[in-house]
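Enquirer: kindly generate the corresponding structure for this input.
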Amino acid sequence: MSELLEDPAQQQQRVAQLKAVLREVVTGDDVPQARQTLAHLLTGCDACLVAQAEDELIREGVPVEQVAKACDHHAAAVREALPKDAGAEFPAGHPVETFRSENAALKRLAEAMLNHLPALLAEGKAIRSDTLDHLNEALNSLLDVDKHYLRKEHLLFTCLERHGITGPSKVMWAKDDEIRARLRALEEAIRAERRDESQWRRAVLSAAQAALPAVLDMIFKEENILLPMSIKTLAESEWVEIWAQSPQFGWCIVDPGREYRPSAKALLEAVPPVQRSAAGTAKRDSLVAERGPGGVGLAMTPAAAPAPPAAGALIFPSGALTLEQLVSLFNALPVDLTFVDADDRVRFFSEGAGRIFVRPKAVIGRKVQHCHPPKSLDKVEEILADFKAGRQNVAEFWINMKGRFIHIRYFALRNEDGGYLGTLEVTQDLTRERALEGEQRLVRYDA
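Expert: A predicted model of the protein is given here:
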C-alpha cells in the first residue's frame, strides 16, 4: 500500500488534501467534482488517514452532523477507491473476528430482505401469514444490530479515544443512531395495522429501502475503515478489555467463537488500575488477617480461625461463592432461569444440561419483546407492564408439550424500596414430580 512509502510529512499532506475535498462535499460546492477528486486521493490510501481527516474537521469546528452527512455523499468514492485488503486474521472469539462475523450475518440478512421484499409485497399478491412471520423473524434478527453498535460505541470507541482518535465516536455514533431510527421506522411499518393493504405495502418497502442500505453502508465503513484503523492502533491488552466486557452487551445474530485465549500478560494489563489496586489491597488485608496488625500472629490458633472466602469470591449477605461455583450452582438447579432487566433486555440465562427451551448466547442484550412471536407479544407486554406498575409480582402458566408437563413462572424482582429491577423466568419440567406417589425414605441415586 502506498502509505507505507510515505513519510509523516507526506501523510499529513494527504490528510490536508482529504480535508479540503471533504469540506467541499460538506458545503455542497460542486459535489460531483469533489467526489471525483476524493476518489483519486483515496487510491491506495490508508483507512486511518480518512478517519484522521474527518477527526480534524470536527476539531476545527465542522458540525458532526455535517461530517456524518458527508460520509453518505462520499460513500461511493470510498467504496471504489479504498484498497481491497482482507486484513489480519484473528481466532474466533477475538473482538475483531466477532465484529466481522456479525457483519457477515447482518450483510446476508439485509441483502436477502432487500432482494426479496419487493416480490413478497408486490401489488396484487396475497400476503400469507407465514410470509409475515418470516418478515417479523428477519426484522427481530436485524434489530440485534443494536448490540453490535453498543459494543462498538462503548468499548471500541473508548479505547480509540485513549489514542486521541475521537472522530469515529462522533461521526459513526451519529450514523448508528440514524440507522437505529430507520430500523424502528421499519418495525413500526411492518407491525402497523393493515387497514389499507396497498398503503401498508408501500410504507414497508419505503422504510426498508431507507434502513437496509444504511445498515450495509455501515458494515462497509466498519470493515474498511474502523476495524483496520483499530487493528493498527489498539494494544493487545485493549482488545482483551473489549473481549472481557463484551458479554454485558450481548451478541448480534451469531454467537462468538471460543478459540481466542488472551495471554496472561494481556489479561493483567487489561485490568483497570483501580481494580488492580483493589486486588492488591485484598491481598494485603489477607496477610494482615493471617499475621495480625503487628505482624506477630493472631490470638486465635489457625484451627479456630474461620476460613476466609476463596480468592475472587463474590460476597453475598448469606455467604460467598466463586464465579465457578456460582455457574455450577445455576446449572445444577432443576429449573431453567432467564433474567430480563428493567430495560426489558435479556441479561442472563442458566445453561443446565436438560434445558427445556433453547437459549442461544446471541439473545443476551436483546429486547425480550423481540424474542417472542407476534401472537404472544401482547401477553409479554401485559406481564411486564403489571410488574413495572407494581400491580402484580408473579405470573404463571403450565402447558403440555410433547408428553411433558411444563410449569412456567415469572417473578418481579424488586429492590428494598420496591423499585423494579427486572423479571425472572423460571421454567421447570414437572412430569416426574406429578407422577410421584407414596413415600421414599431411603437414599436412591438417579442413574
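
Enquirer: using the three-state scheme, assign the closest residue to Val394 other than its chain neighbours.
Expert: Spatial nearest neighbour of Val394, chain neighbours left out: Phe411 (5.8 Å); criterion: CB to CB, 6 or more residues apart in numbering. Yep, even glycine has a C-beta here, placed from its N, CA and C like the rest. Using DSSP: H, G, I helix; E, B strand; the rest coil as the criterion, the local structure at Phe411 reads strand.

Enquirer: what bridges to Phe411?
Expert: Partner residues in beta bridges with Phe411, using DSSP bridges, are Val394, Leu424.

Enquirer: that one and Leu424 touch, don't they?
Expert: Yes - with contact defined as CB atoms under 8 Å, Phe411 and Leu424 form a contacting pair (4.6 Å).

Enquirer: quick one: the strands in the stretch 201-350 of the chain, in order.
Expert: Under the criterion DSSP state E, counting those that start in this stretch, the stretch 201-350 of the chain contains strands at 314-316, 319-321, 336-341, 346-349.

Enquirer: quick one: buried residues of the last one?
Expert: Of the residues in strand 346-349, those buried by neighbour count under the rule 16 or more other CB atoms under 10 Å are Val346, Arg347, Phe349.

Enquirer: separation between the last one and Pro334?
Expert: This means Phe349. The gap separating Phe349 from Pro334 is 15 Å, by CB to CB, to the nearest Å.

Enquirer: repeat that for the second one.
Expert: Using CB to CB, we find Arg347 at a distance of 22 Å from Pro334.

Enquirer: please pull out the lowest mean pLDDT helix or strand from the protein.
Expert: Across the helices and strands of the chain, the lowest-confidence element by mean pLDDT, DSSP states H and E is helix 273-291, at a mean of 36.

Enquirer: helices along the stretch 201-350 of the chain, start to end?
Expert: 227-233, 236-245, 264-270, 273-291, 323-332 (DSSP state H, counting those that start in this stretch).

Enquirer: confirm Ile406 sits in a helix?
Expert: No - the assignment for Ile406 by three-state DSSP gives strand, which leaves it out of any helix.

Enquirer: beta partners of it?
Expert: Beta-bridge partners of Ile406, counted by DSSP bridges, are Ile399, Asp429.

Enquirer: residue contacts, it?
Expert: Ile356, Trp398, Ile399, Asn400, Thr427, Gln428, Asp429, Leu430 (CB atoms under 8 Å, 6 or more residues apart in numbering).

Enquirer: where are the low-confidence patches of the stretch 201-350 of the chain?
Expert: Low-confidence segments of the stretch 201-350 of the chain (pLDDT under 70): 271-308.

Enquirer: 80 instead?
Expert: For the stretch 201-350 of the chain, the stretches flagged by pLDDT under 80 are 264-312.

Enquirer: if we can go back for a sec, for the strands of the stretch 201-350 of the chain, which one sits closest to Leu135?
Expert: Checking the strands of the stretch 201-350 of the chain against Leu135 by CB to CB gives strand 346-349 as the closest, at 22.2 Å.

Enquirer: against Lys361, how distant is the residue nearest the centre of the chain?
Expert: Centroid-nearest residue in the chain: Lys147, 2.6 Å away (criterion: CA atoms, centre = their mean). Lys147 is 11 Å from Lys361, where distance means CB to CB.

Enquirer: quick check: neighbours shared by the two?
Expert: Once CB under 8 Å, 6+ apart is applied, the residues that Lys147 and Lys361 both contact turn out to be Gly250, Trp251.

Enquirer: how many neighbours does Leu135 have?
Expert: The number of residues packed near Leu135 is 20, by other CB atoms under 10 Å.

Enquirer: need the per-residue pLDDT for it.
Expert: We note a pLDDT of 85 for Leu135 in this prediction.

Enquirer: cool, and Ala189?
Expert: We have a pLDDT of 92 for Ala189.
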